[in-house]
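J.: Predicted structure and sequence below. I'll ask about it afterward.
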Amino acid sequence: MRKLLEKYYNINYYCTYKLLFFIFERILNPFYWLNFLKWNNGYIKRGILIAKKQEAAEMYKGINGSICIWATNTPCIISLWMLCFACLASIKIFKVKLLSILEIIFGNIFLCILCFTIIVLFLYYVNRIFLFKNDKYRKYFAEFDKKRKYLFYYSIYVVSLIIQFAFMIILVALLNISGLVPDNVRAGTRGMQQFFVKYMSLPLMVTVGIGTNLMDYVKVLNFQSLVVIAAVVVGATLGAWLMAPIFKFFRIETVVTAALCMANGGGAGDIQVLGASHRMELMSYAQISSRIGGAIMLVIASFMFSTFM
């Protein structure tokens, strides 16, 4: 288990490093592009030479040290995930009220500093164990470069990114499911949601309608795209309709959120679908479906197309 977790950390670290290196040292580096042309200007040649020397100075055994530091944000976020799950499990096991703990911590400056120190030390030691002890990450980098299973590595990385971006939604959902959120907080959030659904739905739909460029849809509208769109919508609708009774969900609401909001155009598509079906109160479920479900479908589709087509 530890070996598997260690590899997972290093895959995410490797992909983050490669992407940051490609962005900052290649795409956004003008001297890299100037190097492809022959220049008679001495100043440009000098700039290209200085840029090459600077890049070489930042490299240590084939790895850029500065970008390595920036890339640690991904394993740190993963470690924070682990810490959050551990805290939630502890609160549930010992049956402690979450709000009481937060009031105690934020009401005392010493406890705030102590908690912050514990979090920093936790991130440091986890990254040291899985990445930096005996330069483990260098061995994994060499292994990944040799095997070149880039589709596998970046699929794992994309799924991890999806989880990171959906951190707040999933964390709040877990808090709600676990029963840690008090009833008065739930009632307050429900009232806030109903207020926005009642008074903000029409302005949102108007702005989405004005901001949507229909010519973008016309440009890609042909027989092949219509067939694909129809197949996706019909398949997602039938799948959600058939699976809803198994999970004891309402079929119409399941089709709207799990199927149509997964296959639409993101946040704007969620507003269009929920507005047309008069179910704007399902926006939170639609966001989970479109942000997480839609992204996972893209990862699976890219893998299937690259493998079988």
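T.: Cool, the structure landed.

J.: Could you pull up phi and psi at the spatially closest residue to F122 that is not a sequence neighbour?
T.: In space, and not counting its chain neighbours, F122 is closest to L83: 5.9 Å by Cβ to Cβ, 6 or more residues apart in numbering. (Each C-beta comes from the backbone N, C-alpha and C, glycine too.) Dihedral pair for L83: phi -60, psi -40, per degrees, to the nearest 10.

J.: quick one: L83 from C115, how far?
T.: According to Cβ to Cβ, to the nearest Å, L83 stands 11 Å off from C115.

J.: picking up where we left off before, so the residue nearest to F122 sits right up against V120, yeah?
T.: No: using Cβ atoms under 8 Å, L83 is not in contact with V120, being 11.2 Å away.

J.: of those two, who's got more company?
T.: Legend: neighbour count by other Cβ atoms under 10 Å for L83 and V120, higher for L83 (15 against 11).

J.: In the stretch 101-250 of the chain, where is pLDDT below threshold?
T.: 102, 163-181, 197-198, 200-201, 204-205, 207-213 (pLDDT under 70).

J.: quick one, helices of it?
T.: Counting by DSSP state H, counting those that start in this stretch, one finds helices in the stretch 101-250 of the chain at the ranges 109-127, 136-147, 150-165, 167-178, 183-211, 214-219, 223-243.

J.: In TSV, list those along with distance to E281.
T.: Converted to TSV, the helices of the stretch 101-250 of the chain look like this (distance: least, Cβ to Cβ, whole Å):
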stretch	distance to E281
helix 109-127	36
helix 136-147	46
helix 150-165	23
helix 167-178	15
helix 183-211	5
helix 214-219	28
helix 223-243	18
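
J.: A89 is nearest to which of the ones you listed?
T.: helix 167-178 (8.9 Å; Cβ to Cβ).

J.: Does M262 belong to a helix, a strand or coil?
T.: When classified by DSSP: H, G, I helix; E, B strand; the rest coil, M262 comes out as coil.

J.: Show the pLDDT at it.
T.: On pLDDT, M262 comes in at 79.

J.: The one 4 residues further on too?
T.: At G266, the model reports a pLDDT of 70.

J.: could you measure the nearest residue to it once chain neighbours are set aside against L226, distance?
T.: Distances taken as Cβ to Cβ, 6+ apart put S290 closest to G266, at 5.8 Å, once the chain neighbours are dropped. Separation of S290 from L226 (Cβ to Cβ) stands at 22 Å.

J.: Please say which of those two ends up with more neighbours.
T.: Counted by other Cβ under 10 Å, S290 and L226 do not tie: S290 has more neighbours, with 23 against 11.

J.: Would you agree W241 is in contact with V256?
T.: No: counting by Cβ under 8 Å, W241 stays clear of V256, with 10.9 Å between them.

J.: Of those two, give the one with the bigger neighbour count.
T.: Set W241 next to V256 and count neighbours by other Cβ under 10 Å: V256 wins out with 24 against 15.

J.: Under a three-state scheme, what state does the more buried one occupy?
T.: Counting by three-state DSSP, the backbone at V256 sits in helix.

J.: gap between it and S289?
T.: Where S289 is concerned, V256 sits at a distance of 9 Å (Cβ to Cβ).

J.: likewise N35?
T.: N35 sits 46 Å away from S289, going by Cβ to Cβ.

J.: of these two, who's got more company?
T.: Taking neighbours as other Cβ under 10 Å, N35 and S289 compare with S289 leading, 23 against 16.

J.: That one touches T254, doesn't it?
T.: No: using Cβ under 8 Å, S289 makes no contact with T254, being 9.9 Å away.

J.: how does this structure divide into domains?
T.: Taking automatic domain parsing as the reference, the chain has its domains at 2-178, 183-308.

J.: Distance from the first one to the middle of the chain?
T.: So that's domain 2-178. Relative to its chain's centre, domain 2-178 lies at 13 Å (Cα atoms, centre = their mean, to the nearest Å).

J.: likewise the last one?
T.: Its chain's C-alpha centre lies 18 Å from the corresponding centre of domain 183-308 when counted by Cα atoms, centre = their mean.

J.: show me the contacts for I101.
T.: I91 (Cβ atoms under 8 Å, 6 or more residues apart in numbering).

J.: Give the buried residues for stretch 262-276.
T.: For stretch 262-276, the neighbour count (16 or more other Cβ atoms under 10 Å) marks 262-265, 267-275 as buried.

J.: now those as TSV including distance to L88 and secondary structure?
T.: TSV is the format used below for these (distance: Cβ to Cβ, whole Å; DSSP: H, G, I helix; E, B strand; the rest coil):
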residue	distance to L88	secondary structure
M262	27	coil
A263	32	coil
N264	31	coil
G265	33	coil
G267	28	helix
A268	33	helix
G269	32	helix
D270	28	helix
I271	31	helix
Q272	35	helix
V273	32	helix
L274	30	helix
G275	35	helix
